[in-house]
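> 3D model of this:
(2 chains)
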Amino acid sequence: MSTKYGKDNTRPRPASNGVELTKAPAIFLKAYSPAESESRILKLWEKSGFANPDVCIEKGVTKPDAETYSIVLPPPNVTGTLHMGHAAMLAIQDILIRYHRMRGFKTLWLPGTDHAAIATQSVVEKTLHKEEKKTRHDLGREEFLKRVEQFAKKSHDTIVSQVRAMGASVDWTREAYTLDEARNLAVRTAFKKMYDAGLIYRGNRIVNWDPRMQTTVSDDEIEHVEQKDTFYYFKYGPFEIGTVRPETKFGDKYVVMHPDDERYKKYKHGQKLELEWINGPITATIIKDEAADMAIGSGVMTITPAHSSIDFEIAQRHGLEIEQIIDTNGKLLSIAGEFAGLHIKKTRSLVVEKLKQKGLIAKVEEDYVHNVAINSRGGEVIEPQIKLQWFVAVNKKFTIPYSEIPDILSGSETTLKKLMRVSVESGATKIVPDRFEKVYYNWIDNLRDWCISRQIWYGHRVPVWYCLGCKHHSVDAEVKSKWFLVRHGETEANIKEITQGHQNSQLTPAGIAQAEAAGEKLKNQDIELIISSDLGRCKETAEIISKATGAEVIYDEALRERFMGAAEGFSYEENRKKYNPFKEYDDKTAANLETIRELEERISKAFEKHRKNHGLKNVVIVSHGTAIRWLLKRIENLTFDEASARPTIQNAGVISMDILKSACEKCGNDLFEQDPDTLDTWFSSGLWTFSTLGWPNKTRDLETYHPTSVLETGYDILFFWIARMILMSGFLLGTVPFRNVYLHGLVRDDKGRKMSKSLGNIIDPLTMIEKYGADAARLSLIVGASPGNDVRLSEDRVRGYKHFANKVWNISRFVLENSNTQGPTSGESEVGPLNAEDKKLVEETLAIAKTVSEHIEKFRLDLAADAIYHFVWHRFADEIIKESKPILKEGGEAAESRRHTLYSILDTSLRLLHPFMPFVTEAIWQELPNRKQYLLMVAKWPYAKAIGTRQ
RNA sequence: GCGCGCUUAGCUCAGUGGUAGAGCAUUGUCUUGACGUGACAAGGGCCGGGGGUUCGAUUCCCUUAGCGCGCACCA
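Purely as a prediction, here's the structure:
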């Protein structure tokens, strides 16, 4: 970069007799500085409110009856910060949005973030372990969730500032979060509707279990990773069976072969064989099933139905016994004999050693390459388990109440799978590029029932309540109020195991701390009333909780502990010897002793009374250990023995229960406990296109903007998300969620590798924006990025487009220097008297407008950007301006005409460039002498004809 | 195994039934009243191989190789 003038652009400008030579605003004397302009322009846009279509109508920018154009932003996960993929997504959508807004559409771009359940929880758990050496169980559900919320909030704020920095003209007034109250209502409603239609069921099925995170994981969240292991062939009676996982083979008592396999013709289906196995002799049964592949190994295999989905299917087909071998922590169960209790990871070599000693190893193959399933959100190896979970039935027939989807009639019988297929097949939703439609069908056809329950804490609780009286579950998800039973904190007598009864004992310091912890837990539960036993230890506990929750306390003698008569004040042991007062329901042994039956009646009556009086409030009942135990017997409909067997309630332990809108349909009880599981994050994201618009309420937004015009995202998310949105919208609204799906490629590094922390090849969008400006960052992700193809990004590329921004700046300076300040604007006032040559130039510019428009409508933003880039730089600057110089110098009518022309071309160019590089164009626009609109953001697009977008 | 994509200039990629284009990179020249974050100019490609359709193929069809991706399986 060595030139006579250096790179700092300090070439002396000619003085020219001290006359001010430029008519252009002084701001143009400096080179374009994105950092300086961008924050100023951003404020201008945000102050205007034009990202909100209602404001556009109000201010007359958009006609009230204009066509709508809507996009819901794929919500970034609150797991961290935005990467280049997000930047690409924002750039593409902002181009579509700005284009349509300028075209006069009622344009909505709705932003939000995704709680990303398992991913977010996983991140927080990892940090917790790293920094405090704690697990989520050490903190407890409430405290842990608080930490997750803090983390999510921080992530959210970072994401918002990044979205703003990109210049994305989203409507922040409508921002949504997948885990906020409005979305929770949508989730509960969706769940209920699907449950009522029989499409959600609870079942014992084989699921993907992550032993580390202690949760199920859906099929789509699994990643197969290649791994090298030793492959063993074992002698299994007369057969040879191969496996990489000897440690799972303890329970294998079925040996499977293909019915057509000539080698094993003499064995009959169901035939029994005695043979020697890992822990001694077993009886094996021959199973003939076509799942056995004759070509693999010996063609014979044994099965482990409880821990393999294929084996599970075989076992189900033949009605075989299914026995669990591995527990949910990854440890072997008693069936493993001497190996029981060991972790499977540690067992393999031991089992192999034992089989070797027994002479049961036929041969060993080293370096066998196979795929292992891991949880893509956490990284642990998946162990299939049979578990009771909630599922969405994708193949079950149901009657769809209402449908606008072509080929699916309202009231007709269909399946969710069919709904998903037809939505695309019929063309109601069009996928661009269309090759992904094939990929979509392929996925749909292989789809199995979708396991939606997770055992993690961060997410929407499964909206199912179990009746405390009879365990029957209920999905009538309207909670009237929450009630909590709390035992008092620790007392001196508790430590010494002394019977307290009606004694007025006080809390120990530890007991006070326990009560404070309970208060902390209850703090965010909107507690309205605390009802407490009037004995000192409860009173004290209640007051502490009152302080934390702000709720009023009332006292009730009827909530006191069992009256122990003469037994009070003596140790448990002495009392057991003397009276044995805890064993019998109607025990009256000690003088004046209250029987358990009497206690149960007294406290239940008090509880019923309070529930009747305060059933609509959120209430905490503070009482005593024995009292609560026998109250729970009544509530949970237990027998005396069951209640006796219940473990002691901890000091200051909190038991929560919900009161639903309607009582249990089976037993009439009205106290419930919510399912502790949470829903797969995709269950809530599936509702995104309409939950963000207010569903299940019938809002005007929903009516106006749904189905959305286009769903724009990376192709890697086609199955996870797009298919599920089509499913949810189809079932719940009877429409497709969007008319178009536009899939962009992934952003890779300049060598085509994925950007990752470990490779150290991450290009951070914010850094690029700071160095080269948001416009440059945007263009680098658009030009040369054809639909569905990956983009290779390098810093050089971004730098190149910064040069272009500066070019546009300097073109503007030249035109403004040479135009009269009353210059007209194209399309909105007469262009002035132009000669024939100049008219041609103006027409040429408008032809570019047409080209750019057409490319945008076909989602060829790469070509659109390239077209306008090329025109502005190589036609307008290099040729038209260059040729204009002598004409302008000449003066006269030709010069006058040309001045108008240049101004007109600049005006049109700025409009055409604006969706692609909004900041620099807006900054220039603000300096134009005769701009008709306040902001270029809402200026009229220079090409008006509809070109056949699918709206 | 099933399916999809890519292969065009040194690099990254567009594109078209009439034997090719951009950006970046390279080289040279330039005080030229918008811009050196620039201008002008130059070099550079038998459009992966083979076959077919066609007057004519980089483009359409078949085949083959290499690379990449998705899904399924993995005893």
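> my guess is residue A:279 meets residue A:338, correct?
Yes: Residue A:279 is within contact range of residue A:338, at 7.1 Å (criterion: Cβ atoms under 8 Å). All C-beta spots, glycine's among them, are computed from the backbone N, C-alpha and C.
> with neighbour numbers in mind, choose between the two.
residue A:279 (14 against 11; other Cβ atoms under 10 Å).
> name all residues that make contact with that one.
Contacts were defined as Cβ atoms under 8 Å, 6 or more residues apart in numbering; by that measure residue A:279 touches A:250, A:336-338.
> please report the distance of the nearest residue to residue A:278 once chain neighbours are set aside from residue A:634.
Using Cβ to Cβ, 6 or more residues apart in numbering and skipping the chain neighbours, the partner closest in space to residue A:278 is residue A:250 (5.9 Å). Relative to residue A:634, residue A:250 is positioned 45 Å away (criterion: Cβ to Cβ, to the nearest Å).
> out of those two, which sits in the busier spot?
Neighbours around residue A:250 and residue A:634, counted as other Cβ under 10 Å, are more numerous at residue A:250. The numbers are 25 against 19.
> wait, what's in contact with the more buried one?
Contacts for residue A:250 (Cβ under 8 Å, 6+ apart) come out as A:278-279, A:325, A:332, A:335-337, A:339.
> JSON lines please, covering these and showing pLDDT and distance to RNA strand B.
Output for the contacts of residue A:250, formatted as JSON lines (pLDDT from 0 to 100; distance: Cβ to the nearest atom of the strand, whole Å):
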{"residue": "A:278", "pLDDT": "88", "distance to RNA strand B": "16"}
{"residue": "A:279", "pLDDT": "87", "distance to RNA strand B": "20"}
{"residue": "A:325", "pLDDT": "90", "distance to RNA strand B": "14"}
{"residue": "A:332", "pLDDT": "89", "distance to RNA strand B": "18"}
{"residue": "A:335", "pLDDT": "87", "distance to RNA strand B": "18"}
{"residue": "A:336", "pLDDT": "86", "distance to RNA strand B": "18"}
{"residue": "A:337", "pLDDT": "85", "distance to RNA strand B": "22"}
{"residue": "A:339", "pLDDT": "87", "distance to RNA strand B": "19"}
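> now the strands for the stretch 501-650 of chain A?
Here the stretch 501-650 of chain A has its strands, by DSSP state E, counting those that start in this stretch, at A:529-532, A:552-555, A:619-623.
> and if you look at the stretch 101-250 of chain A?
Shown for the stretch 101-250 of chain A, the strands assigned by DSSP E, counting those that start in this stretch span residues A:106-110, A:112-113, A:176-177, A:200-210, A:215-217, A:222-236, A:239-243.
> to residue A:404, which of these lies closest?
Evaluated over the strands of the stretch 101-250 of chain A, closeness to residue A:404 peaks at strand A:106-110, with 20.4 Å, by Cβ to Cβ.
> closest point of the stretch 551-700 of chain A to RNA strand B, which residue?
Closest residue of the stretch 551-700 of chain A to RNA strand B, Cβ to the nearest atom of the strand: residue A:682 (14.0 Å).
> that residue is in contact with residue A:724, isn't it?
Yes: Residue A:682 is within contact range of residue A:724, at 5.1 Å (criterion: Cβ under 8 Å).
> higher neighbour count, the two?
The neighbour comparison of residue A:682 against residue A:724 (other Cβ under 10 Å) goes to residue A:682, with 26 against 23.
> who are the contact partners of the more buried one?
Listed by Cβ under 8 Å, 6+ apart, the contact set of residue A:682 reads A:218, A:220, A:720-721, A:724.
> one more time with 7 Å
A:720-721, A:724 (Cβ atoms under 7 Å, 6 or more residues apart in numbering).
> I'd like the distance between residue A:713 and residue A:692.
Taken as Cβ to Cβ, the spacing of residue A:713 relative to residue A:692 amounts to 15 Å.
> also residue A:712?
Using Cβ to Cβ, residue A:712 is found at 15 Å from residue A:692.
> okay, the strands of the stretch 501-650 of chain A, which one's buried deepest?
When neighbours are counted by mean count of other Cβ atoms under 10 Å, the highest per-stretch mean among the strands of the stretch 501-650 of chain A falls to strand A:619-623, a mean of 28.
> what lines up beside that one in the sheet?
Sheet pairing here is set by DSSP bridges, and for strand A:619-623 it gives strand A:479-487 (parallel), strand A:529-532 (parallel).
> which residues does that strand contact?
The list of residues contacting strand A:619-623 from outside it, by Cβ under 7 Å, 6+ apart, reads A:483-488, A:522, A:527-533, A:538, A:541-542, A:545, A:559.
> rerun at 8 Å
Contacts of strand A:619-623 (Cβ under 8 Å, 6+ apart): A:481-488, A:522, A:527-533, A:538, A:541-542, A:545, A:549, A:551, A:559-561, A:603, A:607, A:610, A:631.
> quick one: that strand to chain centroid distance?
For strand A:619-623, the distance from its own C-alpha centre to the chain's C-alpha centre is 36 Å (Cα atoms, centre = their mean, to the nearest Å).
> can you list the residues of the stretch 801-950 of chain A near RNA strand B?
A:802-803, A:805-807, A:810-811, A:813-814, A:817, A:860, A:862-863, A:866, A:870, A:873-874, A:877-879, A:881-882, A:885 (Cβ under 7 Å from any atom of the strand).
> if you set the cut-off to 6 Å instead, what comes out?
Residues of the stretch 801-950 of chain A that fall close to RNA strand B, judged by Cβ under 6 Å from any atom of the strand: A:802-803, A:806-807, A:810-811, A:813-814, A:863, A:873, A:877-878, A:881-882.
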